Structures are given as C-alpha cells and as structure tokens.
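# dropping the sequence and predicted coords here.
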Amino acid sequence: MPDTIDYDPANKRLIVGNGYIEHVEPAVWNYEVSGKQVLLHWFSYRKKDRERPIIGDRRPPSVLGDLQPDHWLAEYTTELINVLNVLALLVGLEPAQAKLLEKICSGTLISGSDLRSAGALEVPPKSKKSKKVPRGPDLFYHAESK
C-alpha cells in the first residue's frame, strides 16, 4: 500500500508509491481548489496512513476509520486516471475561461440605479402567515364525542 505521492516535473511523471503515471502536466499536478492541491488531497484518503490531526477541541476519530484496505485497490487506479483526466480538461479550459472573464469584465456594466429602476433590487414583502386550514374529520374515534 503506497504512502507517498510525488511529482517529477522533468519527466512529467506522477509517482505513487513504487509506481508512476507518465505524461502528467505540471499544471495538473499543481491544480488547486480552495487552496488545496487536488491530487494530494485525493491521495490522502487512499494512502496507507490516513490518520488526520485532531484540530481544536474535537473528539477523537472513530475506530471505524481503522478499517482500511491493506493494499492498493484496482478502483483507486481507475479513480486516479479519472481525476487526472478531469484535471487535464479543466486546465485545458482555463484559457477560454480567462478570455470569457476578460470579455465580461471589459463589457458594459449595469448601474445600481438601472437595476433599482428595473425593480431588480426590490426586496419582496414578507409573506403573511397563512391562515389555519380547517381540519377534516378526526381519523380516530373518541368516546367522549359519542
């Protein structure tokens, strides 16, 4: 079961334990979401030592977390290839996304007064509490109603 993941930029090689995957672009390895490197985060849930530090005054992890496979599962390889493909596609979209963002930012802006006059900034009035809906007949027989 591998416990390390690394990247060799000279050979564009993702190294997982004793194995590797070639042709992994640096931008794929470095891809981040919310400040977390995606591949490192993905691997942290599949490596041999999955222990997480206790942050703050949190209760200790469940003993169920100790139930882990003792070897690298074939599905992990499939998942890793899928994650690499998705990240490569996202990296490939970045130039088009940057152009679109530039086009939006350099375009005509709608002013606050235009939005107000169009009624787009109006806050809808609070809805009134609905009146009680009359109840139908009781489903249960009550002796006192006899």
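That came through, no problem.

# next, residue 123: secondary structure please.
Secondary structure, DSSP: H, G, I helix; E, B strand; the rest coil: residue 123 is coil.

# burial measure for it, as a count.
5 (other CB atoms under 10 Å). Every residue, glycine included, has its C-beta placed from N, CA and C.

# repeat that for residue 75.
Residue 75 has 10 nearby residues by other CB under 10 Å.

# and for residue 20?
14.

# quick one: secondary structure of it?
The three-state label given to residue 20 by three-state DSSP is strand.

# hang on, residue 46 packs against residue 78?
No - checked against CB atoms under 8 Å, the pair residue 46 and residue 78 is beyond contact range at 11.8 Å.

# same drill for the two, tell me which one is more crowded.
residue 46 (19 against 10).

# tell me which residues in the longest helix anywhere in the chain are buried?
Across the chain, the helix with the greatest residue count (assigned by DSSP state H) is helix 74-106. Within helix 74-106, the residues that qualify as buried are 76, 80, 83, 84, 87, 88, counting by 16 or more other CB atoms under 10 Å.

# list the buried residues in whichever helix or strand comes after it.
Remark: after helix 74-106, the chain's next helix or strand is helix 112-117, criterion DSSP states H and E. Counting neighbours by 16+ other CB under 10 Å, one finds that helix 112-117 has no buried residues.

# would you mind writing the CA trace of helix 112-117 as PDB?
The C-alpha coordinates for helix 112-117 follow below in PDB (Å, rounded to 0.1, in the frame of the first residue of the first chain):
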ATOM      1  CA  GLY A 112     -27.200  50.300  -9.400                       C
ATOM      2  CA  SER A 113     -29.700  52.900 -10.400                       C
ATOM      3  CA  ASP A 114     -30.600  51.000 -13.600                       C
ATOM      4  CA  LEU A 115     -31.100  47.900 -11.500                       C
ATOM      5  CA  ARG A 116     -33.300  49.800  -9.000                       C
ATOM      6  CA  SER A 117     -35.400  51.400 -11.700                       C
END
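
# that'll do, ta.
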